[in-house]
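Chemist: can you look at this prediction? I've put the sequence above it.
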Amino acid sequence: MAAVSFVFKPLFLVFLSLHVATPLVTNNTQPEHNSTGSSHSAWPEIDYSQKPQFLEIFSTGDSNTEEITAWPQDVCGGFSLSCSGIHLHVVPNYGIAMLVATCSSPGGGTGTVQLELNNGLGNHNGHIGPAGSDFAQSCDLSSIAISGTRIRIPCDDGKGETQSSVTDLNYAVMNDYGSLFFCPR
């Protein structure tokens, strides 16, 4: 029994140091944001240059295979936990796709906020995801759809083919003091 206790305590302390000891915001102050909405203070350094993983979620046995982009959510994201009424406002002729939601702020208030998706999502060989911009140039905005926090849109894969791409915005967008921002990449 003593050996189990000895092993458990160090693992528990390691878990605490990884998940509790690194605050997202220090001194109860709001992180500063640059013009792209990225927070540059109080965030741990994370290497987001890794290649995204693609998970197959639907296959008919032919070329109609759908994949969803999975992005790390270890530090940022989760806007749907404090936002409701999530929907899109799209103007395809102007390349505009806005994420719109009613989000809460620390003071208890709520407000309807929006985030221009074209400023933080990119087309990665037919797969839409964060760490890019201007996805509207190579994806069909007139066919974009949202279900919960997942968006689906057909995108050019760079080889002349169109891929149906799905990504979960909950991994890429955060509610920071009642405003929506893309997670730093």
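Modeler: Received the coordinates, thanks.

Chemist: dihedrals phi and psi, Leu81?
Modeler: Main-chain torsions, Leu81, degrees, to the nearest 10: phi -70, psi -20.

Chemist: just give the number of residues close to it.
Modeler: Using other Cβ atoms under 10 Å, Leu81 has 10 other residues around it. In short, each C-beta sits where N, CA and C put it, glycine included.

Chemist: what sits against it?
Modeler: Counting by Cβ atoms under 8 Å, 6 or more residues apart in numbering, Leu81 touches Asn175.

Chemist: now it: how far from Ile146?
Modeler: 17 Å (Cβ to Cβ, to the nearest Å).

Chemist: got it, and Leu88?
Modeler: 5 Å.

Chemist: then Ile96?
Modeler: Ile96 is 15 Å from Ile146, by Cβ to Cβ.

Chemist: out of the two, which sits in the busier spot?
Modeler: Ile146 (17 against 14).

Chemist: buried set for stretch 121-131?
Modeler: Leu121, Gly122, Asn123, His124, Gly126, His127, Ile128, Gly129, Pro130, Ala131 (16 or more other Cβ atoms under 10 Å).

Chemist: what's the first-to-last distance across stretch 99-115?
Modeler: 5 Å (Cα to Cα, to the nearest Å).

Chemist: what's in contact with it?
Modeler: 37, 79, 82-89, 98, 117, 169, 173, 175, 177-182.

Chemist: please indicate which of the residues you listed are buried?
Modeler: 37, 79, 82-83, 86, 88, 98, 117, 169, 173, 175, 178-182.

Chemist: and of the residues you listed, the nearest to Cys139?
Modeler: Leu117 (10.2 Å; Cβ to Cβ).

Chemist: could you pull out the strands for this protein?
Modeler: 53-58, 66-70, 83-91, 96-104, 110-116, 121-124, 127-130, 145-147, 150-156, 162-168, 173-176, 179-182 (DSSP state E).

Chemist: what's the closest of the ones you listed to Ala136?
Modeler: strand 96-104 (6.4 Å).
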